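Visitor: Okay, here's the prediction I keep looking at, along with the sequence it came from:
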Amino acid sequence: MGGQDGFSRNVLKYNETSNSLLAGVKIHPSKRWDLGLNVTYTASEGGLDPFELPADDYVAITPTTSYDFSLTNTYSNIDVDRLNADAMLKYKVTDDLWLRLWYQIADFSDNDPYLYDTTGTVQWATITAGWSF
Amino acid sequence: MKALRIFVLAALLAALPFAVAAGEGDTTTDETKGSVEVGGLFADVSDSPDMAAEYSTVNDGPVGKIKLATYQNWGALNFKFKYAAQDQNSGDLDFDIKRMVRSHNSYNSFPHRLGHDPMLNLNSTSRNGKVVQNTDFSPNQDYVMNFAVFEDRTEFQFPGFRPLTLAVEFREQNRNGHTQAFTTSHCDTCHVKSQSHRRDQQTTDGTLEAGIAWKSGLVKARYTNRKLRESLPSVTGTFDKNLHPELQAPVFDNRMQYDSDVGVVPVDLKPEIDKNTTRLDFRWASKNGFAVTANGVWSETKSRGTNNKADYSGYVVTAAKRFGNNLQLRWNGKVYQTETNSVYIEPIQRVTPAGPQAGTTYYDIYGVTFDQWRNSALNRDGIGSKLDASYRLGRKWGTIRGFWNYDVVDREFYEVAPGEKKTTSNILGLTYRVRPAKGLRLDAEFKHGDVNNAFMVVDATCSTLVSDRYANPWNPETPQYNDQHETRIADTTATASSWNRAVLAVGYSFGQTTLTGRYVYWDGTNTDGNLTDWSKTRSTATITAWSPGGSSWDWYVGWAYQDMSLDAPACIPVFDG
């Protein structure tokens, strides 16, 4: 017991890809109205290729020993996507007085959780009244 | 906010004599405008907010925004403040009194969600009683740190001596909330314990600056004092007793520095730091297109807990000269030195109370103490040089620029290759910028980097140890971890020794629409060390289109892409425990 038989070595290959799309528009249909919309969507994936760290000679003489790395590459997987969108509507009651509605959503999907599932959605809405002088 | 109130009051009091002195004979200016906006914020959370709202509030409540700008005989004031929630607000306050007192102040605060690691990946067991387990003493705690920073710069210029500018700067960064503190006990079990660590951290910078400017130049000196403090005491913990996993007997004490025998001890201790920085700047430009800048920086950073110090001194000179209308040469040189003190480590020689090695220390059995000097890899002398030349080929043919960057890092202790402590890097580059047609712009850049002795950890992995089998693990001849350590042969790195970078950017405007595209390719390798097969390739591309449209609308669309491939070797020792 307690023996070491050198080492096993391999070159690991990791790949990461990310795509983001974004778009936005502001519209002023009349002097009293302002509308705005912004959307961003990002999808990212990353992970190791399957790999082996073979220790065939050692396993042959120590059959009960397992050197199975068939799932180890998946521990580094990243697979997330995120949507951020916001919309704004502003109405000028008079030249100095306005009402504003604002809405935002952030939706995050953790499709391959690591320590814990960070999937979640948060929505915000504000209603405000303003006065300029 | 206390710091903000104190500063605004102090600055206004300091400015009062200047305003009084400047009151006579001025034309009358009186313009004030602003706005007030109030309302409510409603937030809804499904599942985890940790990533969806990592840096945003999720609290309902009132919101408000105020803007105020006034231009008066005595000067100008511009104030903005936005209250989104108790943990998220921001503001700016600028004022200018007769150009004699100019002050810019900003405040920003927001939460940072850190997530709560449930440590589920730390649960495992083996056939012979070896266990990895965890205990969470604060299972319901949300780990959030509230970040707030206040920054001020106020300049004073005296009516009787305009070339002189005095300035004071104040910056206070607060981080308070809770972080997850981990401790690991060994070797009865690998027992990871987690607890909530309540934090209240302040980083305070105070700066005094004096500068004298004349028509063609400037001399400036500044001194900054930084203090990093933790207002709350560290959390405490008790480590498990070192026990053999199967026998549950204290047979390993001579292999461990301490266990439960030290009782309750501080854990997750955060260092408090003092830092003093002095900087001198010089700038001068001649009428014939020659300009030179120079600066020197001296700093001392000290840990209050250990008195360990890091000293830095650096000097930079930049010279630029224009030859005619087409050719420009520029050179930037830098020398610097970083020094930290070495630390002597003398491991405790504990005596094992039970088992075959009872009554002995590790040294008694194996003849090794591991007493050592820890010398910092930061200790170094550095030299840098950046030389570039640009030539304008003409309005139609654009501008070409070539550059050569040369850097040497000569470390005092740390070897980046067997017997080598010096890293030398050369970067050669060429850029070309042209506007071949109306509305069309092209930019291209190519860089090649070559690094001699890139940063590497020598003999970091791949232990070649081949040992005998021993029926009795207490046999003093059994290989130890340090034997495994000393037989490693592979050098590891995450730094390229040779790399290329290419950039192509295009911009095209037609009508009211602008299209831009940019592609960046980077490829680097390092096979210089033993078994160091490291390589990385990265591509990024962006395409955007935007249009101001007309007076009634505007729009934009964009796409961004990134791809990265990394090859790096991994080693495992082949052994049966």
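Guide: It's in.
Visitor: For the closest residue to A:Tyr67 other than its chain neighbours, list the residues it contacts.
Guide: With CB to CB, 6 or more residues apart in numbering or on different chains as the criterion, A:Tyr67 has its nearest non-adjacent residue at 4.6 Å, and that residue is A:Ala55. Where you see a C-beta, it was placed from the backbone N, CA and C, and this is true even at glycine. For A:Ala55, the contact set (CB atoms under 8 Å, 6 or more residues apart in numbering or on different chains) comprises A:Asp5, A:Ser8, A:Thr65, A:Tyr67, B:Ile572, B:Val574.
Visitor: For those, pick the one with the most neighbours.
Guide: Neighbour counts for the contacts of A:Ala55 peak at B:Val574, which has 23 neighbours (criterion: other CB atoms under 10 Å in any protein chain shown).
Visitor: give me the element that one is part of.
Guide: strand B:553-575 (DSSP states H and E).
Visitor: go on, B:Ala545?
Guide: Here B:Ala545 is assigned to strand B:534-550, by DSSP H and E.
Visitor: angle of that strand against strand B:553-575?
Guide: Counting by axes from the mean of the first three to the mean of the last three CA atoms, to 10 degrees, strand B:534-550 points 170 degrees away from the direction of strand B:553-575.
Visitor: Give me the contact list for strand B:534-550.
Guide: Identification of contacts with strand B:534-550 by CB under 8 Å, 6+ apart yields B:492-494, B:496, B:511-527, B:554-569.
Visitor: Any regions of the chain where pLDDT drops low?
Guide: Going with chain A. A:1-2, A:57, A:59-66 (pLDDT under 70).
Visitor: my bad, the chain I had in mind was chain B
Guide: Ranges of chain B meeting pLDDT under 70: B:1-28, B:127-129, B:187-188, B:576-577.
Visitor: how about a cut-off of 50?
Guide: By pLDDT under 50, the weakly predicted segments of chain B are B:1, B:3-4, B:6-7, B:10-11, B:13-14, B:17-18, B:20-25, B:577.
Visitor: Show me what counts as buried in stretch A:123-131.
Guide: Within stretch A:123-131, the residues that count as buried by 16 or more other CB atoms under 10 Å in any protein chain shown are A:Gln123, A:Trp124, A:Ala125, A:Thr126, A:Thr128, A:Gly130.
Visitor: Identify, from those residues, the entry nearest to A:Ala87.
Guide: A:Ala87 lies nearest to A:Ala125 out of these, by CB to CB, at 9.8 Å.
Visitor: can you tell me the residue of chain A closest to chain B?
Guide: Proximity of chain A to chain B (CB to the nearest CB) peaks at A:Thr128, 3.0 Å away.
Visitor: hang on, that residue in a strand?
Guide: Yes. Under DSSP: H, G, I helix; E, B strand; the rest coil, A:Thr128 falls within a strand.
Visitor: Surely it is in contact with B:Val36?
Guide: No. In this structure A:Thr128 lies outside contact range of B:Val36 using CB atoms under 8 Å: 10.0 Å.
Visitor: Residue 78: neighbour count?
Guide: Unless you meant another one, I'm taking chain A. 15.
Visitor: Hmm, no, I was thinking of chain B.
Guide: 16.
Visitor: partners of it in the sheet?
Guide: B:Ala69, B:Asp94 (DSSP bridges).
Visitor: what about the residue of chain B found nearest chain A, how many neighbours?
Guide: When scored by CB to the nearest CB, chain B has B:Gly39 as its residue closest to chain A, at 3.0 Å. Residues lying near B:Gly39 (other CB under 10 Å) number 17.
Visitor: Now it: closest residue in space, sequence neighbours ignored.
Guide: A:Thr128 (3.0 Å).
Visitor: what's the one you found in contact with, if anything?
Guide: By CB under 8 Å, 6+ apart, the neighbours of A:Thr128 are A:Leu99, A:Arg100, A:Trp102, B:Glu37, B:Val38, B:Gly39, B:Gly40, B:Val63, B:Lys65.
Visitor: hey, what's it bridged with?
Guide: A:Arg100, B:Gly39.
Visitor: Identify the contacts common to A:Thr128 and B:Val36.
Guide: Common neighbours of A:Thr128 and B:Val36 (CB under 8 Å, 6+ apart) are B:Lys65.
Visitor: what's A:Val11 in contact with, if anything?
Guide: Applying CB under 8 Å, 6+ apart, the residues near A:Val11 are B:Asp533, B:Asp567, B:Ala568, B:Pro569, B:Ala570.
Visitor: switch to 7 Å and redo it
Guide: B:Asp533, B:Asp567, B:Pro569 (CB atoms under 7 Å, 6 or more residues apart in numbering or on different chains).
Visitor: Which ones, among those, also lie beside chain A?
Guide: B:Asp533, B:Asp567, B:Pro569 (CB under 7 Å from any CB of the partner chain).
Visitor: Export the residues you listed to TSV and append columns for neighbour count.
Guide: TSV is the format used below for the ones next to chain A among the contacts of A:Val11 (neighbours: other CB atoms under 10 Å in any protein chain shown):
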residue	neighbour count
B:Asp533	14
B:Asp567	16
B:Pro569	16
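Visitor: Just the buried ones from the contacts of A:Thr128?
Guide: Buried members of the contacts of A:Thr128, counted by 16+ other CB under 10 Å: A:Arg100, A:Trp102, B:Glu37, B:Gly39, B:Val63, B:Lys65.
Visitor: Quick check: of those, which lies closest to A:Ser109?
Guide: Of all the buried ones among the contacts of A:Thr128, A:Ser109 sits closest to A:Trp102, with 24.0 Å by CB to CB.
Visitor: wait, that closest one sits on A:Lys90?
Guide: No. Taking contacts as CB atoms under 7 Å, A:Trp102 lies outside contact range of A:Lys90: 8.8 Å.
Visitor: The stretch 401-550 of chain B: strands as residue ranges?
Guide: With DSSP state E, counting those that start in this stretch as the criterion, the stretch 401-550 of chain B has strands at B:422-437, B:440-452, B:457-463, B:488-492, B:498-510, B:513-526, B:534-550.
Visitor: Can I get these in CSV including mean neighbour count?
Guide: As requested, the strands of the stretch 401-550 of chain B are arranged in CSV below (neighbours: other CB under 10 Å):
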stretch, mean neighbour count
strand B:422-437, 15
strand B:440-452, 16
strand B:457-463, 20
strand B:488-492, 20
strand B:498-510, 15
strand B:513-526, 17
strand B:534-550, 16
